[in-house]
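Trainee: predicted coordinates and the sequence they were generated for:
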2 protein chains.
Amino acid sequence: MAIVVVGSVALDTIETPFDRLDDALGGAASYFSLAASLYAPVDLVAVIGDDFPARYLDDLRSRPIDLTGLRSVPGKTFRWGGRYYLDMNTRDTLFTELGVFADFAPDVPASYRQQPILFLANIHPQLQLNVLRQMGNGDGGQRPLRALDTMNLWIETERDALTEVIRQVDVMLIAEEEARQYADTPSLRAAVRHIMSLGPRQVVIKQGSYGALLFSADGSYHAAPAYPLEDVHDPTGAGDSFAGGFLGYLAQRLRNGGELTHGDYHRALIHGNILGSYACEEFSVKRLLTLTPENIATRYAEFVSFTHFEGDWQTNGANGFNGTNSARQTEKQTEA
Amino acid sequence: MAIVVVGSVALDTIETPFDRLDDALGGAASYFSLAASLYAPVDLVAVIGDDFPARYLDDLRSRPIDLTGLRSVPGKTFRWGGRYYLDMNTRDTLFTELGVFADFAPDVPASYRQQPILFLANIHPQLQLNVLRQMGNGDGGQRPLRALDTMNLWIETERDALTEVIRQVDVMLIAEEEARQYADTPSLRAAVRHIMSLGPRQVVIKQGSYGALLFSADGSYHAAPAYPLEDVHDPTGAGDSFAGGFLGYLAQRLRNGGELTHGDYHRALIHGNILGSYACEEFSVKRLLTLTPENIATRYAEFVSFTHFEGDWQTNGANGFNGTNSARQTEKQTEA
């Protein structure tokens, strides 16, 4: 039981005010795979050129990441260059060289097609549709849990295809400003309702250094603040690593059997934040490569300690004010 | 036992894309007092002109807000006008007419000087210093818990005086971007460390629609996401109402005796978010005037339900991954 991911495997050139790295392992599918594989096996669908360094394949193989679906073809690997400003939240794209990615037609290996979770990382919506058609059609016809990430480029240039993808997925992960952009409304809640009206039962709103929100079709809501990093060395891939922690944890829960609960999704949100925060601690995927389950467990415990508080509250009733009893009762109703 | 607040009582003209209100009750001290007085009595120090509508005095008197320190002098009440854009996060100041506020020299009534909590709302730092000199010097010399709010204007124009105020307070509440501005660093944690090095033991970082963070001098940290409002009608005074919920709750805890704990401060952060969210639901202070302890209790229970998650997590140990035990142990250590 593995998570299938389709997306980019790239060579990134990253500049920050303090450092620079050339041709580092990058791409949404790389970050996602290295993060998710700390929880569950990953089946990777992507394309690389014949210039792709063997050591990066070794990096991917150091984890339970199946590379049957990683095609190597003549030509240059997809390259991306970006420069971050001092606040590490804004960046300029210096160059995008599609290389072999320009002609990428994803071919999902037969051994992948019955997996229970599919992640459509941020690539052209037509490629995402292509993969959706191939999944779950092997023999049993089992429908995987389908999750989607996207970006402003596709909202602007491939709106119809993107909408068709959204119609076919269960979970949509999207940055806050892109949700507003897609739904063309300043109200985040209205944007989420619009997306849900198309199909997704869960919408995860990524808020970068502010954390993430989870809206569910039954009206329930969860919020997870971000981990307070001392220093952000390289935010590249934080969103993809978030998706890896989020879906990786859900895969673990699915493997334990049964339906996914609200509690599962809420904890997945925390794991997303954890993996996203670790990804920022070093350049490229370096921190993900050294990350251990114990590291994750430590940060999970920190999340508990800085987000949980006493569930009811006392007052001595001055000003005729005594909210204790009603607070306690309402809380029970909410939890029930 | 009451909270002393010094700050502005104003007449606001507020424009949003949907509505407009002229000469509404506004000012940091008004919002703060109406919010905090749901938890504890408030002693108000401010100035108004002889044009101040009597009905607004009735609004303040409808709560346990002592107006001995509210001086009415000949002239015009402080007026502020602002226009919000569609996203309700950015606004233009249309006008600021200081009126009688230009010559305001706060005079703290003797009956206020031994109160256990002082809130220096966002006014000129020299006025804040003036009030600090008057507090706790009555007879017993008891030092109140001193909390401060400020804004970019004073950071830019009255930096030395502001720094002197910061040196003398226990709790600083400040917007995230203003903390970075004051400390001249893009790193929020570095900014908080700088502020704490001057004196405050607690720094509350207000993040607007993203919630609030609490940093304590002993290194502990708490985060509270914002309440997910369906519609923001008027964000004016949300920060002052946040301060009212935050310090109001702390006053309640102090009244119950003993030292304030981390748990008290964490819950205060939640109450701050609750009052800030309610303040946005209607124009001016209208929602604060109808707010009840039961409303607060309901929203508090909602905060519990959308921020708390299972404190440990299971895995079936695939990939050699089993974080359960270490997570549980670390959690206990963190809570101890």
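Mentor: Looks like it arrived, so ask away.

Trainee: chain neighbours aside, what residue packs nearest to the residue of the stretch 1-150 of chain A found nearest chain B?
Mentor: Distances between the stretch 1-150 of chain A and chain B by Cβ to the nearest Cβ are smallest at residue A:87, namely 4.4 Å. Heads up, the C-betas are built off the backbone N, CA and C, glycines and all. Spatial nearest neighbour of residue A:87, chain neighbours left out: residue B:186 (4.4 Å); criterion: Cβ to Cβ, 6 or more residues apart in numbering or on different chains.

Trainee: ok, the closest residue to residue A:187 other than its chain neighbours - how many residues close by?
Mentor: Excluding its sequence neighbours, the residue lying closest to residue A:187 (Cβ to Cβ, 6+ apart) is residue B:231, at 7.1 Å. Look at residue B:231: counted by other Cβ atoms under 10 Å in any protein chain shown, it has 11 neighbours.

Trainee: pLDDT score for residue B:231?
Mentor: pLDDT for residue B:231: 85.

Trainee: what's the distance between it and residue B:16?
Mentor: For residue B:231, the distance to residue B:16 (Cβ to Cβ, to the nearest Å) stands at 11 Å.

Trainee: repeat that for residue A:191.
Mentor: Distance, residue A:191 to residue B:16, using Cβ to Cβ: 19 Å.

Trainee: more neighbours, these two?
Mentor: When residue A:191 is set against residue B:16 and neighbours are counted by other Cβ under 10 Å, the residue ahead is residue A:191, at 24 against 20.

Trainee: in a helix, that's where the more buried one is, yeah?
Mentor: Yes. Assigned with DSSP: H, G, I helix; E, B strand; the rest coil, residue A:191 falls within a helix.

Trainee: which residue would you name as the spatial centre of chain A?
Mentor: In chain A, the residue lying closest to the centroid (Cα atoms, centre = their mean) is residue A:243, at 1.7 Å.

Trainee: what helices and strands are in contact with the one helix or strand that residue maps to?
Mentor: Here residue A:243 is covered by helix A:238-255, with elements defined by DSSP states H and E. With contacts taken as 3 or more Cβ pairs under 8 Å, 6 or more residues apart in numbering or on different chains; DSSP states H and E, helix A:238-255 sits against strand A:3-6, helix A:28-36, strand A:117-120, strand A:145-149, strand A:171-175, strand A:202-206, helix A:262-279.

Trainee: residue A:7 reaches residue A:36, doesn't it?
Mentor: No. Counting by Cβ atoms under 8 Å, residue A:7 sits too far from residue A:36 to count as a contact (11.6 Å).

Trainee: these two: which is more packed in?
Mentor: residue A:36 (33 against 27).

Trainee: so who does the more buried one touch?
Mentor: If you count contacts by Cβ atoms under 8 Å, 6 or more residues apart in numbering or on different chains, residue A:36 has them with A:3, A:5, A:42, A:119, A:243, A:244, A:245, A:247, A:248, A:251.

Trainee: what's the answer for residue A:48, then?
Mentor: By Cβ under 8 Å, 6+ apart, the contact set of residue A:48 is A:9, A:70, A:71, A:72, A:73, A:77, A:78, A:100.

Trainee: try residue A:212
Mentor: Taking Cβ under 8 Å, 6+ apart as the test, what residue A:212 contacts is A:204, A:205, A:206, A:223, A:224, A:226, A:242, A:269, A:272, A:273.

Trainee: just give me the neighbour total for residue A:74.
Mentor: Using other Cβ under 10 Å, residue A:74 has 8 neighbouring residues.

Trainee: please apply the same query to the one 10 residues further on.
Mentor: Other residues lying near residue A:84 total 21 when counted by other Cβ under 10 Å.

Trainee: ramachandran coordinates for it?
Mentor: For residue A:84, the backbone dihedrals (degrees, to the nearest 10) come out as phi -100, psi 150.

Trainee: flag the shaky bits of the stretch 201-336 of chain A, pLDDT-wise.
Mentor: Applying pLDDT under 70 to the stretch 201-336 of chain A flags residues A:313-336.

Trainee: quick check: residue A:56 vs residue A:27, distance?
Mentor: Residue A:56 is 10 Å from residue A:27, where distance means Cβ to Cβ.

Trainee: mind checking which of those two has more residues around it?
Mentor: residue A:27 (28 against 20).

Trainee: for the residue nearest to residue A:87, helix, strand, or coil?
Mentor: Residue B:186 ends up coil, using three-state DSSP.

Trainee: can I assume it is in contact with residue A:18?
Mentor: No. With contacts counted by Cβ under 8 Å, residue B:186 stays clear of residue A:18, the gap being 11.6 Å.

Trainee: the more surrounded of those two?
Mentor: Higher neighbour count among residue B:186 and residue A:18: residue B:186, with 15 against 11, using other Cβ under 10 Å.

Trainee: contact partners for that one?
Mentor: Here residue B:186 is in contact with A:86, A:87, A:88, B:180 (criterion: Cβ under 8 Å, 6+ apart).

Trainee: again, 10 Å this time
Mentor: By Cβ atoms under 10 Å, 6 or more residues apart in numbering or on different chains, the residues touching residue B:186 are A:17, A:85, A:86, A:87, A:88, A:89, A:232, B:180.

Trainee: by neighbour count, which of the residues you listed wins?
Mentor: Counting neighbours by other Cβ under 10 Å, the top entry in the contacts of residue B:186 is residue A:88, with 21 neighbours.

Trainee: how about that one: what's its closest non-neighbour residue?
Mentor: Take residue A:88 and drop its neighbours on the chain: the residue closest to it by Cβ to Cβ, 6+ apart is residue A:232, 4.5 Å away.

Trainee: that neighbour belongs to a helix?
Mentor: No. Judged by three-state DSSP, residue A:232 forms no part of a helix; its state is coil.

Trainee: which stretches of the stretch 1-150 of chain A have low pLDDT?
Mentor: By pLDDT under 70, the weakly predicted segments of the stretch 1-150 of chain A are A:137-141.

Trainee: enumerate the residues of it near chain B.
Mentor: A:1, A:17, A:37-41, A:63-64, A:85-89 (Cβ under 10 Å from any Cβ of the partner chain).

Trainee: dump the residues you listed into JSON lines; add secondary structure as well.
Mentor: Shown next, in JSON lines, are the residues of the stretch 1-150 of chain A next to chain B (three-state DSSP):
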{"residue": "A:1", "secondary structure": "coil"}
{"residue": "A:17", "secondary structure": "coil"}
{"residue": "A:37", "secondary structure": "coil"}
{"residue": "A:38", "secondary structure": "coil"}
{"residue": "A:39", "secondary structure": "coil"}
{"residue": "A:40", "secondary structure": "coil"}
{"residue": "A:41", "secondary structure": "coil"}
{"residue": "A:63", "secondary structure": "coil"}
{"residue": "A:64", "secondary structure": "coil"}
{"residue": "A:85", "secondary structure": "coil"}
{"residue": "A:86", "secondary structure": "coil"}
{"residue": "A:87", "secondary structure": "coil"}
{"residue": "A:88", "secondary structure": "coil"}
{"residue": "A:89", "secondary structure": "coil"}
